[in-house]
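here are the coordinates; sequence isn't available:
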Ligand code: XMP
C-alpha cells in the first residue's frame, strides 16, 4: 500500500477515542488507534506525522493507570494530549497533577490567553466540553499557558520550543463548538499532514492486496444483505472475480423481499457467484413454540453456523473466509490491548474460521461505517443498500415477541415495509439511525367500518445514535406518525393498533428482545 501521512492515537480507554480517529479521517488524513503501551520504536516511522494521547477514565495516580513509553517524547513528533493524555504528559514531564473526587463534566468556556497554532483562526473565547476528574496545578518546565477556564486554570498548554500540546477538554465531541477545527489545526498546521487518504486509493490498494494474498485460491463469504458484507463482497469480487463465492442463508425472518433483492443485486446485477439457501423451514421448525428471547437467539445462531458450514462443505474447499469486519469491531475486540472499559460481543459468524480451518480475509477492517458506505457507493452499489440501517442477525425473530410463525412474519414484514418506505419517501430515513416495527403478542379490540376487530398491536421504533451503545428515540413528526399508523392499520391484515416506542437506550435496548 502506498504510504500516506498518518496520525496515531494512543488509546487510554476514553469512550471518545474512536471519535478522534473519525474526525481526522474526515479531513482525508489516515488515522489509526493503537494500544497505549505501544513502544516508541514502533512509532518511529516517517509516515507518522503526529501522535495524539487520548482521554481515559483513570487517574494517572491509580495503581494500574495506563502509562505511555516515555521515549515517545524523544521521537520529535508533534504530540497532542487530550484530557487524560494531557495529565499524563504533565505527570511524565515533571509537572504537577492533583487528583480530585469531583468530576467536571459538561460545557465550559475556554479563554485563550496566549498564541498557539492549535487555536489559530479562532476567537479568544471558545465553548468546549469537559469530562475530567484530575487537573493540572503546575505545568512541566518549558510549557506556556495558552488557555484557561473557570474550573481548570490550566486548560491548554503548549511547549515553548517543541510541538507538544495538552488540552483538558475534548475537541472530538460535537459539544466543543470548534473542536473539528482545533483538531484540523493540529493535523495540518502542526503536523504538516497532506490530505491524501482517499477512498479511490483505498479501493485500488485493497484490490491489489487481496489479489496478492489470495493468489489463485478460493474465498467464501457469508452475505447477509447488510452494508458491511455487501461492500466486502463487491470489493473482493472486483479483485478476484469468480474465485469468490457468497452464501446467503435465508432463515425466513428477513425483511420483505430481501432474498430477491440480494439475488437481483449480486447475482444478476454484479455477476457474483451466489448460493442462496432457503433454510426457512429448518429455522421455523426449530423455533416452533420457542418464546424465550435468549433461546431464540441461541437456536438461530447455532443453526446458522450449521447451515453455513454445510453449504461451505459442498464447495471445493475454500481457502479463505471473508468477513465484513469494521474498524470499530477491531478496536472493541478483546484482541486490542487498549484499556477501553466496555467490550462488545460480536454478532458476526464468530468461531467459524477456526472450526473450518480457513484463513480470514477482512478487507474493511481499517474502515469506519461511513467510509464503508463511501466505498460501496464508488463500487456502484445501489444507494438504498449502501445507506441501509443495521439489521440484527436473528432478523425479525427478535422483533416478533414470543413464539413466531409464518403468519406473524408476514404481518411484520408488511408493516415494516410500510414504515420504512414512508421514512424514505418523507426524507426521514437518513436522518434516523435505525427504524423498524415490532409485533406484539397481544390483541386489542378495534373498529373498522361497521365491524369489530380483534387483532395484533405493533410498535414502531426509531432511534438516533452514533455508536448504537446509547441511543435516543427519534422525535418523528406527529403528522408523519399518524400517517404511518393509518396506513399500517388499513393495509396490513392482522394489525389494528399502532403504538410508538419512546424509550431511550439505556434503559431500553434498541431491539425488543
Ligand atoms: P441493542 O438491542 O443491543 O442493539 O440495543 C444494538 C444494535 O445491535 C443490533 N443487534 C444485533 N445485530 N446480531 C446482529 O448482527 C444480533 O444478534 C443483534 N442484536 C442486536 C441492533 O439491531 C442494534 O443495531
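Ah, there it is. None of these values were measured; they are calculated from a predicted model.

spell out which residues of the protein are next to the ligand.
347, 390, 392-394, 434, 468, 505, 509-511 (C-beta under 6 Å from any ligand atom). Using the backbone N, CA and C atoms, a C-beta is placed for each residue, glycine as well.

any chance of a markdown table for those residues, columns neighbour count?
A markdown table is the format used below for the residues of the chain next to the ligand (neighbours: other C-beta atoms under 10 Å):
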| residue | neighbour count |
| --- | --- |
| 347 | 14 |
| 390 | 14 |
| 392 | 19 |
| 393 | 17 |
| 394 | 23 |
| 434 | 19 |
| 468 | 16 |
| 505 | 16 |
| 509 | 12 |
| 510 | 22 |
| 511 | 15 |
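
let's have those in TSV, adding secondary structure, distance to residue 279 and pLDDT.
TSV is the format used below for the residues of the chain next to the ligand (DSSP: H, G, I helix; E, B strand; the rest coil; distance: C-beta to C-beta, whole Å; pLDDT from 0 to 100):
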residue	secondary structure	distance to residue 279	pLDDT
347	coil	18	42
390	coil	22	95
392	coil	17	95
393	coil	14	93
394	coil	13	95
434	strand	25	98
468	coil	27	87
505	strand	31	92
509	coil	27	95
510	coil	26	96
511	coil	22	97
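
in the stretch 101-250 of the chain, mark out all the helices, start to finish.
Counting by DSSP state H, counting those that start in this stretch, one finds helices in the stretch 101-250 of the chain at the ranges 179-184, 199-214, 227-240.

out of the ones you listed, nearest to residue 150?
helix 179-184 (19.2 Å; C-beta to C-beta).

give me the number of residues near the residue lying closest to residue 5 once chain neighbours are set aside?
Computed as C-beta to C-beta, 6 or more residues apart in numbering, the closest residue to residue 5 that is not its neighbour in sequence is residue 193, at 4.2 Å. By the criterion of other C-beta atoms under 10 Å, residue 193 has 26 neighbours.

hmm, residue 193 is touching residue 49, no?
Yes. Counting by C-beta atoms under 8 Å, residue 193 does reach residue 49; the two are 4.9 Å apart.

returning to that earlier point: out of the helices of the stretch 101-250 of the chain, nearest to residue 115?
Among the helices of the stretch 101-250 of the chain, helix 179-184 sits nearest to residue 115 (C-beta to C-beta), with 14.1 Å.

so what touches that closest one?
Contacting residues not belonging to helix 179-184 are listed as 20, 23-24, 26-27, 118-119, 121-122, 128-129, 167, 170-173, 176 [C-beta atoms under 8 Å, 6 or more residues apart in numbering].

what about it, distance to the chain center?
When distances are taken as C-alpha atoms, centre = their mean, to the nearest Å, helix 179-184 is centred 21 Å away from the chain's centroid.

and for stretch 170-189?
With C-alpha atoms, centre = their mean as the basis, stretch 170-189 stands 21 Å off its chain's centre.

again, but for stretch 28-44
20 Å.

tell me how many other residues crowd the residue in the stretch 151-300 of the chain that the ligand sits nearest to.
Residue of the stretch 151-300 of the chain nearest the ligand, by C-beta to the nearest ligand atom: residue 297 (6.1 Å). When neighbours are counted by other C-beta under 10 Å, residue 297 registers 17.
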